[in-house]
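>>> Give the three-dimensional model of this entry:
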Amino acid sequence: MVTPAPRPPRDPGLRSSVIVLVLISMLFTAAALTAFVEKAGNDLLVEVRQADAKRLRQEAFSALEVTLAVLEDFRQADNGLHSSGEGWGDPLEWADWKPSEGRTVEVTFRDESGKIPLNRADLTTLTNLFTYWQMAPLEAEKLADALVGWMQNGYVYSTSITPGYENAPIPYAEPGRPMRSFGELAAVAIAKDVFFDENGLPNDNYWRFVNDVSIFNYSQPDANGTNEDVLAAVGQYTDTQKQHVKDYLTGTGQYASQGRQWFTSSSTLSAIAGVGGNATQFGTTITALRVQVTVHEGHSQYRLSAVVAPQGGATMNTTNAVNATAAASSASLAPKTPVTSTALPSSSATGAKAAAAASQSINYPFTLLEMLEDDEIPQPPPPVPQT
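Down below sits the predicted model:
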């Protein structure tokens, strides 16, 4: 009988190494699985959110169309829109429109034309506005000067500011046309330090400015939708006069027994405000209205924000920027004799003209100035809790 050879003794160190390797492998595997699950979860959330938005989006646009139909009825009946107190504050209820089962729809309004039209604001108006913000008069005038200089072609600065745009890492010049976005403020001298924090994010001054001025084009702010800042800057009203106007519009104070009222003429505004101020600088009809629609379904929601203008109302600022150097160069190279082209119009140009003609035949009662959806809608940060 053959006796088996004895097994060599096991190395404890080797056994420990194997256990460590196994544990490390399990650790990496668990980390990889965790990362995969988290990514898959985020992807699923994105897919679910997009699916919810797609389902609720149609409801939001349906509510918007019903709202615009109601607004047009009131506009025709009252010779213009003045205030939601006229009866159009809850348009879906007025039209007896109901959303799909399990959903709720909210419609709110903001009179965009109650703000100062920035493209028409002069140096005095903007200086008054910033002074009312409690800025030092000299600083207020410099900020106003920088803004007007940014928007007006060939403007001569009235203060001692030197923008120095040509000395920037990437040189640029004032565009010499009205602002098309509040984001332009980040490029304007002085304004970029007043309206943005050290991280380049909009601060409280930015949001107050957005609340006081508009980048749409209309002649005068609407007295029915304005705020105290605008009343002070444009009408140069005192605190007492502003309170009279507020009480009249909200049906409070001495007008509590009458309920909400609205102005239909500047003479009424002058009478309500009292002696002083300048009521003729205000209109009394809404020329640009922001309509916000929010659709809720369980924990899901979809938001839609549209700025519309009635017929004859506000328009977009479409003035092209002018590059003085390029314009001068083009002028010097232009032919001295007129050139007549015999080329036939392209199919795309013909199609564009046909589309424009077709759109005119629809005779839609409102002009869409802006359309934002969900995350595109800018939201000011929540107020910092007071300690």
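>>> all helices for the stretch 201-350 of the chain, in order.
Secondary structure of the stretch 201-350 of the chain by DSSP state H, counting those that start in this stretch: the helices cover 204-212, 228-234, 239-250, 266-273, 324-333, 347-362.
>>> Now do the second one: which elements does it pack against?
Judged by 3 or more CB pairs under 8 Å, 6 or more residues apart in numbering; DSSP states H and E, helix 228-234 is in contact with strand 116-117, helix 123-132, helix 204-212, helix 239-250. Heads up, the C-betas are built off the backbone N, CA and C, glycines and all.
>>> Same question for the longest one: list its buried residues.
Translated: helix 239-250. Of all the residues in helix 239-250, those buried under the rule 16 or more other CB atoms under 10 Å are 241, 242, 243, 244, 245, 246, 247, 248, 249.
>>> how close does the residue nearest to the fifth one when sequence neighbours are not counted sit to residue 81?
Okay, so that is residue 245. Leaving aside its chain neighbours, residue 245 sits nearest to residue 273 (5.6 Å; criterion: CB to CB, 6 or more residues apart in numbering). Separation of residue 273 from residue 81 (CB to CB, to the nearest Å): 22 Å.
>>> Tell me if I'm right that residue 104 and residue 300 touch.
No: if you go by CB atoms under 8 Å, residue 104 and residue 300 don't touch, sitting 11.4 Å apart.
>>> Comparing the two, which residue is more hemmed in?
residue 300 (15 against 12; other CB atoms under 10 Å).
>>> Tally up the residues packed near residue 88, please.
Residues near residue 88, counting by other CB under 10 Å, number 20.
>>> Disregarding residues adjacent in the polypeptide, which is nearest to it?
Of all residues not flanking residue 88 in the chain, residue 74 sits nearest, at 4.7 Å (CB to CB, 6+ apart).
>>> Quick check: that neighbour vs residue 103, distance?
To residue 103, residue 74 is 26 Å away according to CB to CB.
>>> do the same with residue 207
Distance from residue 207 to residue 103, by CB to CB: 31 Å.
>>> which helices and strands does the helix or strand where residue 54 lies pack with?
Residue 54 belongs to helix 12-77 when assigned by DSSP states H and E. Applying 3+ CB pairs under 8 Å, 6+ apart, we find helix 12-77 packed against helix 91-94, strand 104-111, strand 289-297, strand 300-310, strand 366-373.
>>> care to break this structure down by domain?
Domain assignment for the chain, taken from automatic domain parsing, gives 46-114+287-316+365-376, 119-213.
>>> shaky segments in the stretch 201-350 of the chain?
For the stretch 201-350 of the chain, the stretches with pLDDT under 70 are 319-350.
>>> let's see it at 80
318-350 (pLDDT under 80).
>>> Might one say that residue 297 is in contact with residue 56?
Yes: with contact defined as CB under 8 Å, residue 297 reaches residue 56; the gap is 6.1 Å.
>>> any common contacting residues for the two?
residue 103 (CB atoms under 8 Å, 6 or more residues apart in numbering).
>>> I'd assumed residue 72 was in contact with residue 365.
Yes: contact criterion CB under 8 Å: residue 365 and residue 72 qualify, at 4.4 Å.
>>> what's the overlap in contacts for the two?
residue 310.
>>> For stretch 145-157, buried residues please.
Using 16+ other CB under 10 Å as the test for burial, stretch 145-157 gives 145, 146, 147, 148, 149, 150, 151, 152.
>>> Distance check, residue 267 against residue 194.
Residue 267 sits 37 Å away from residue 194, going by CB to CB.
>>> More neighbours: which of the two?
residue 194 (20 against 12).
>>> Of all the domains of the chain, which one comes closest to residue 277?
Residue 277 sits nearest to domain 119-213 of all the domains of the chain, at 11.9 Å, using CB to CB.
>>> end-to-end on the closest one?
9 Å (CA to CA, to the nearest Å).
>>> try stretch 99-114
31 Å.
>>> Stretch 210-225 too?
First-to-last distance for stretch 210-225 - CA to CA - comes to 15 Å.
>>> Repeat that for stretch 247-255.
Start-to-end, stretch 247-255 (CA to CA) is 6 Å.
>>> next one: stretch 264-277
18 Å.
>>> I would like the residues contacting that stretch, please.
Contacts of stretch 264-277 (CB under 8 Å, 6+ apart): 82, 223, 235-238, 240-241, 244-245, 248, 263, 279-280, 282-284.
>>> And that stretch, how far out from the chain middle?
Relative to its chain's centre, stretch 264-277 lies at 31 Å (CA atoms, centre = their mean, to the nearest Å).
>>> Just the buried residues of that stretch, please?
Residues of stretch 264-277 classed as buried: 264, 266, 268, 269, 270, 272, 273, 277 (neighbour count, 16+ other CB under 10 Å).
>>> cool, and stretch 83-100?
Under 16+ other CB under 10 Å, the buried positions of stretch 83-100 are 83, 84, 86, 88, 91, 92, 94, 97, 99.
>>> Is the second one in contact with residue 107, as I believe?
No: in terms of CB under 8 Å, residue 84 does not count as a neighbour of residue 107; the distance is 10.3 Å.
>>> now the domains of the chain in TSV, with distance to residue 219?
Listed next are the domains of the chain as TSV, based on distance: least, CB to CB, whole Å:
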stretch	distance to residue 219
domain 46-114+287-316+365-376	8
domain 119-213	7
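>>> So for residue 256, which of those domains sits nearest?
Using CB to CB, those put domain 46-114+287-316+365-376 closest to residue 256, at 14.3 Å.
>>> Just give me how far that closest one sits from the chain centre.
15 Å.
>>> what do you get for stretch 132-148?
Its chain's C-alpha centre and that of stretch 132-148 lie 23 Å apart, by CA atoms, centre = their mean.
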